[in-house]
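Engineer: Have a look at this prediction, sequence included:
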Amino acid sequence: MIDNDTISAISTAQGTGAIGIVRISGKDAFMIGEKILRHRSGKPIKTWPERQVRLGLVVHAGKKILDEVVFFAFKEPKSYTGEDLLEIQAHGGIENLKLILDATLEAGARLAEPGEFTKRAFLSGRLDLTQAEAVIDLINAQTELAHRAAINQLSGELSLVLQEIEEKILHILVSIEASLDYPEEEIPSLEREKALETIRLARSQIRTLISQAKKGRILQETATIVLAGRPNVGKSSLLNALLNEERAIVTPIPGTTRDFVTETINLQGLPLRLVDTAGLREIDDPIEKEGVNRSWDLIKKADLILFIIDSAIGVSNEDQAFIEEINQNVQQPKILFILNKSDLPPKISPDELSKLYPGEKILNLSTLTGKGIEELKISLRSELMGEDFSPEHPILVTRLRHKKALEETEEILNQVENQIKNGVSEDLITIDLRDAIDTLGEITGRSVNADVIEAIFSQFCVGK
């Protein structure tokens, strides 16, 4: 339920800037505006033409001038929040904006809670919950691809797909309930083959969304790529080559990197966290040993492991032991083998390495000459996002709660399919169909509980 209080907050980031914005939203927004805003002549403002830019003064206690500003009036329901909303654009500056905010609070507004403007937009029906979450993603987007995915979700593209799925399920439910409610009418009972086909179509759409969930998480949260291998195979050199700068210390002395070095880069639209780890080897030195232990912790959590081998030396027993340990201890490890130092006479070729590890992706490169680095960058995107990923219209599931609700809906539909096949009573089938619709509704917010709503909007900053 929407709070009747009128709220106010600074909606721009703290710091000095040309312009800062203070928003007021609620039933008393314009009344508060009358108290603190004046025409440049000093006369009170009595009318609020909608969506017109107006120049005026902000005053405190009816007389002290705080700033010359421009302001806009948006009348309900045609505003961001769906309520009367007044936006004041003042000169940017922490103290200036604080004084204007204080004036709105003294005039009767309440300081907005984190995300309360967007929460009101959701509660008034201006946005569904996926669109509200897209606002957070848009604010936090680190790359153009992440920005585009957020814009698509804010535009309602994910909501439309969910609506299509829901309508398929609803079509079956309505036909069953009609035959149960009006048995005397000539309404056909559930046509099981047609219902099965509809269920399978809905489930196929759900599976597609679930399959995109990891890609959505990568765009919004950053993928972790760990550079692993024995000491002196070129991990730090590869990190520097990908960053185009000397970030990690490179020496011929094994064990130079004793702790991990991490940097985040924008690689063709993907936010990637590159981690250069301590060389994997059995060692007695307690400091380096701790670095190796940390390397293993990072390897277990990585989205992609770049396992680097010195092609001038070949695959050592240590290499084989470490790769075996990765396969045993990492759940579904994703490994990209890198044969480094291709500028030197090789002891092993990509074809020979492929025979040792069939089916694994192998790249041959040289961090010294730069040969193969661009190919590696292309491969990183392909390994993380898939060959068929198109950045043009990515409808991506970016939230774990979306993924869980989709998985639960798929499970319910599997159960419905079995019920239809086994001739289960139609009134029992309707129970699961309603559950499936309600579970999908948790994603858009149609059937979500209040605790989830509070948790989502608590992630916002004050003023949005």
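Structural biologist: It's in.
Engineer: So, low pLDDT: which residues of this protein?
Structural biologist: 1-3, 62, 178-190, 245-260, 278-293, 390-394 (pLDDT under 70).
Engineer: from the chain's centre, how far out does the helix ranked longest in it sit?
Structural biologist: The residue-count maximum for a helix in the chain (DSSP state H) belongs to helix 157-181. Relative to its chain's centre, helix 157-181 lies at 28 Å (Cα atoms, centre = their mean, to the nearest Å).
Engineer: Which element is encountered next along the chain beyond that helix?
Structural biologist: Using DSSP states H and E, the helix or strand that follows helix 157-181 towards the C-terminus is helix 192-211.
Engineer: C-terminal to that following helix, what's the next element?
Structural biologist: Next along from helix 192-211, by DSSP H and E: helix 213-221.
Engineer: Restricting to C-alpha, output that next one in CSV.
Structural biologist: Coordinates of the C-alpha atoms in helix 213-221 are reproduced here as CSV (Å, rounded to 0.1, in the frame of the first residue of the first chain):
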residue,chain,number,x,y,z
ALA,A,213,20.6,-16.4,-16.4
LYS,A,214,24.4,-16.9,-16.1
LYS,A,215,24.9,-14.4,-19.0
GLY,A,216,22.7,-11.9,-17.2
ARG,A,217,24.6,-12.3,-14.0
ILE,A,218,27.9,-11.8,-15.8
LEU,A,219,26.7,-8.5,-17.3
GLN,A,220,25.4,-7.1,-14.0
GLU,A,221,27.9,-8.6,-11.5
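Engineer: same for that helix, what does it pack against?
Structural biologist: The helices and strands touching helix 213-221, judged by 3 or more Cβ pairs under 8 Å, 6 or more residues apart in numbering; DSSP states H and E, are helix 144-154, strand 270-276, helix 373-385, helix 400-421. Where you see a C-beta, it was placed from the backbone N, CA and C, and this is true even at glycine.
Engineer: now it against helix 400-421, angle please.
Structural biologist: 160 degrees (axes from the mean of the first three to the mean of the last three Cα atoms, to 10 degrees).
Engineer: Restricting to C-alpha, output the helix or strand following helix 213-221 in PDB.
Structural biologist: Using DSSP H and E, the next helix or strand after helix 213-221 towards the C-terminus is strand 223-228. What follows is strand 223-228, C-alpha atoms only, in PDB (Å, rounded to 0.1, in the frame of the first residue of the first chain):
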ATOM      1  CA  ALA A 223      32.600 -12.500 -14.400                       C
ATOM      2  CA  THR A 224      35.700 -13.700 -12.600                       C
ATOM      3  CA  ILE A 225      38.500 -15.100 -14.800                       C
ATOM      4  CA  VAL A 226      41.400 -16.700 -12.900                       C
ATOM      5  CA  LEU A 227      44.800 -17.000 -14.400                       C
ATOM      6  CA  ALA A 228      46.300 -20.300 -13.000                       C
END
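Engineer: Which residues does strand 223-228 contact?
Structural biologist: Under the contact criterion Cβ atoms under 8 Å, 6 or more residues apart in numbering, strand 223-228 has outside partners 235, 238-239, 270-277, 280, 295, 298-299, 301-308, 322, 326, 380, 384.
Engineer: Which ChimeraX command selects the buried ones in those?
Structural biologist: In ChimeraX, this line selects whichever of the contacts of strand 223-228 come out buried by 16 or more other Cβ atoms under 10 Å:
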select :235,238,239,270,271,272,273,274,275,276,277,280,295,298,299,302,303,304,305,306,307,308,322,326,380,384
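Engineer: can you pull out the helices in the stretch 301-450 of the chain?
Structural biologist: Along the stretch 301-450 of the chain, the segments classed as helices by DSSP state H, counting those that start in this stretch run 317-329, 350-356, 373-385, 400-421, 426-444, 450-457.
Engineer: buried set for the second one?
Structural biologist: For helix 350-356, burial by neighbour count (16+ other Cβ under 10 Å) applies to Leu353.
Engineer: Quick check: which helices or strands does that helix pack against?
Structural biologist: Judged by 3+ Cβ pairs under 8 Å, 6+ apart, the packing partners of helix 350-356 are strand 335-340, strand 361-364.
Engineer: Let me have those strands in TSV, extended by mean neighbour count and distance to Leu111.
Structural biologist: Output for these, formatted as TSV (neighbours: other Cβ atoms under 10 Å; distance: least, Cβ to Cβ, whole Å):
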stretch	mean neighbour count	distance to Leu111
strand 335-340	24	50
strand 361-364	18	54
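Engineer: so which of those gets nearest Gln459?
Structural biologist: Ranking the helices and strands packed on helix 350-356 by distance to Gln459, with Cβ to Cβ as the measure, places strand 335-340 first at 33.2 Å.
Engineer: mind exporting the closest one as PDB, just the C-alpha atoms?
Structural biologist: Listed next in PDB are the C-alpha coordinates belonging to strand 335-340 (Å, rounded to 0.1, in the frame of the first residue of the first chain):
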ATOM      1  CA  ILE A 335      38.900 -24.300 -18.400                       C
ATOM      2  CA  LEU A 336      40.600 -22.600 -21.400                       C
ATOM      3  CA  PHE A 337      44.100 -23.900 -21.900                       C
ATOM      4  CA  ILE A 338      46.700 -21.300 -22.900                       C
ATOM      5  CA  LEU A 339      50.000 -22.400 -24.500                       C
ATOM      6  CA  ASN A 340      52.200 -19.400 -23.800                       C
END
